[in-house]
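>>> Let me see the structure of the following:
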Amino acid sequence: MMNKSKRYVKLNARTRAEVIYEDEHLIAVNKPAGILTVPISGMKSANLKYCLDEYLSSRNKYALTVHRIDRYTSGVVLFAKNLKARNRLIEQFRNHEPARIYLALVRGVPDPPERELVHYLKRVKEGFRNVVVPEGDPEGTRARMLFRVVEQYRGTSLLEIALDTGLKNQIRVQLAEVGHPTVGDRHYAVLEQEEKLINRQALHASRLEFHHPLTGVIVGLSATMPKDMKRLIVYYKKAGRTN
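Numbers count the residues shown, from 1 in each chain. Prediction:
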């Protein structure tokens, strides 16, 4: 049963997003997987920005994009309500200041269990994806993140990831590149076509921490992991835990 004390944004006939923070200048929600963060030209699919515009319309406000997460990734997404707040937040993201923490279930057991990953990614039209290119490639952009293993199971691991840069599909590309693709990520790991327990990549934007653009106070936001990822983790725990 839905908690009536919480606030939700209607996304479509069956789906809502929980509002996890809102004040005069900002609004943040826990985006469900399968919903676009922002509209894409030529696509009529529901998107979070449009739904937030509807939600805020009675107050003569609208949602201004600050950052985004992939369509089939769940978790914290932050929007601004005015240009001053948006511009200051974008500057923070440009300088890689916010703490962006993700949880991912991946194949294999990374060794060492804590690691920094740095790659150079290039956007390609074929498949609308990023690919890893050598350092020095003029079309490559530096991508950096850090991860640590939270739990190990038989054949899979739960990772906590601190995202530094924020390129398209970055976490998924980098993890696949080092041999630990995200469970369910059919786009970057062909063998994940065989994963029947989840119909998307097992990736969740768990926490976001930043300085409030008007007050300077540190704001920390957390998004509850969705049921599909919880079920998946329970399944792999039962399959065998290695620590």
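>>> switch to C-alpha atoms for all contacts and neighbour counts from now on
Will do.
>>> Run through the residues that contact residue 179.
By CA atoms under 8 Å, 6 or more residues apart in numbering, residue 179 lies in contact with 107, 108.
>>> cool, the one 10 residues further on as well?
For residue 189, the set of contacting residues under the criterion of CA under 8 Å, 6+ apart consists of 176, 181.
>>> how close does it get to residue 236?
19 Å (CA to CA, to the nearest Å).
>>> swap in residue 28?
Distance from residue 28 to residue 236, counting by CA to CA: 31 Å.
>>> which of the two has more neighbours?
Neighbours per residue (other CA atoms under 10 Å) separate residue 28 from residue 236, with residue 28 holding more: 24 against 18.
>>> Doesn't that one belong to a strand?
Yes - Residue 28: assigned to a strand according to DSSP: H, G, I helix; E, B strand; the rest coil.
>>> ok, it - contacts?
19, 20, 21, 22, 76, 77, 78, 79.
>>> In strands only, show me the residues you listed.
19, 20, 21, 22, 76, 77, 78, 79 (DSSP state E).
>>> residues making contact with the helix or strand hosting residue 235?
Element membership of residue 235 [criterion: DSSP states H and E] is helix 227-239. When contacts are defined by CA under 8 Å, 6+ apart, helix 227-239 is touched by residues 105, 153, 154, 156, 197, 198, 202.
>>> and what of stretch 110-123?
129-135, 137, 139-149, 157, 174, 180.
>>> For ChimeraX, what selects the buried ones among these?
Provided next is the ChimeraX selection string for whichever of these are buried by 16 or more other CA atoms under 10 Å:
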select :129,130,131,132,133,140,141,142,143,144,145,146,147,148,149,157,174,180
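>>> Tell me which of the contacts of stretch 110-123 fall in helices.
Here DSSP state H is the test, and the contacts of stretch 110-123 give residue 174 as lying in helices.
>>> residues touching residue 75, list them.
Counting by CA under 8 Å, 6+ apart, residue 75 touches 29, 30, 31, 32, 204, 205, 206, 207, 223, 224, 225.
>>> Repeat that for residue 203.
73, 74, 102, 103, 104, 105, 182.
>>> Any of these buried? List them.
By 16+ other CA under 10 Å, the contacts of residue 203 give 73, 74, 102, 103, 104, 105, 182 as buried.
>>> still on that earlier bit, which of the contacts of helix 227-239 scores worst on pLDDT?
Within the contacts of helix 227-239, residue 154 has the lowest pLDDT, namely 86.
>>> Tell me the spacing between it and residue 110.
Taken as CA to CA, the span from residue 154 to residue 110 is 12 Å.
>>> between the two, who's got more neighbours?
Set side by side, residue 154 and residue 110 show more neighbours around residue 110, with 20 against 16, by other CA under 10 Å.
>>> So that one belongs to a helix, correct?
No - the assignment for residue 110, made by three-state DSSP, is coil rather than a helix.
>>> Relative to residue 148, how far out is it?
When CA to CA is the yardstick, residue 110 and residue 148 sit 9 Å from each other.
>>> what's the answer for residue 47, then?
32 Å.
>>> ok, now residue 135?
Residue 135 sits 24 Å away from residue 148, going by CA to CA.
>>> The ones in strands among the contacts of residue 28, buried ones only, as a PyMOL selection?
Of these, the buried ones can be selected in PyMOL as follows, counting by 16+ other CA under 10 Å:
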select buried, resi 19+20+21+76+77+78+79
